[in-house]
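Visitor: This is the structure alone, sequence omitted:
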C-alpha cells in the first residue's frame, strides 16, 4: 500500500509541476524573465530593471505578480 501511495503522490507532484510550468510559459516574456532572474539567479531588482530596461519598482511589481499568479494556479490544483 505504501508503494501505491508513494507513486500516487509523485504523480500528483508531477502534474502540479507541469501545470505551474505551463502557466509560467503563459506569462509575458518580461514578467517571466524578471521572475526567473530573481528566483534562479538571485539578481537584485536594480539589475533586473537594468537588464529589462524598466524601473526597479516595475521589476518588483513584475516579480510579485508573476509569483502570485503561479501560486494561485498551484493552490487551485491542490
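Guide: Everything's here; your move. For clarity, every value in this text was computed on a predicted model and none was experimentally measured. Residues are numbered from 1 along each chain as shown.
Visitor: what about residue 18, helix or strand, and which?
Guide: Per DSSP states H and E, residue 18 falls inside helix 2-26.
Visitor: what's next to that helix, contact-wise?
Guide: Contacting residues not belonging to helix 2-26 are listed as 32, 35, 69, 70, 73, 74, 77, 78 [C-beta atoms under 8 Å, 6 or more residues apart in numbering]. In short, each C-beta sits where N, CA and C put it, glycine included.
Visitor: what helices or strands is whichever helix or strand comes after that helix leaning on?
Guide: Next helix or strand after helix 2-26 toward the C-terminus (DSSP H and E): helix 29-39. Where contact means 3 or more C-beta pairs under 8 Å, 6 or more residues apart in numbering; DSSP states H and E, helix 29-39 is packed against helix 2-26, helix 45-52, helix 56-76.
Visitor: Can you check what angle separates helix 29-39 from helix 56-76?
Guide: 90 degrees (axes from the mean of the first three to the mean of the last three C-alpha atoms, to 10 degrees).
Visitor: Show me which residues of helix 29-39 are buried.
Guide: 30, 31, 33, 34, 35, 36, 37, 38 (16 or more other C-beta atoms under 10 Å).
Visitor: Make JSON lines out of these and add distance to residue 24.
Guide: Formatted as JSON lines, the buried residues of helix 29-39 follow (distance: C-beta to C-beta, whole Å):
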{"residue": "30", "distance to residue 24": "13"}
{"residue": "31", "distance to residue 24": "10"}
{"residue": "33", "distance to residue 24": "11"}
{"residue": "34", "distance to residue 24": "12"}
{"residue": "35", "distance to residue 24": "8"}
{"residue": "36", "distance to residue 24": "8"}
{"residue": "37", "distance to residue 24": "13"}
{"residue": "38", "distance to residue 24": "13"}
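Visitor: Which of the contacts of helix 2-26 are buried, as a PyMOL select command?
Guide: The command below creates a PyMOL selection of those among the contacts of helix 2-26 that count as buried (16+ other C-beta under 10 Å):
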select buried, resi 35+69+70+73
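Visitor: Tell me which two in the contacts of helix 2-26 are the farthest apart.
Guide: 32 and 78 (22.7 Å; C-beta to C-beta).
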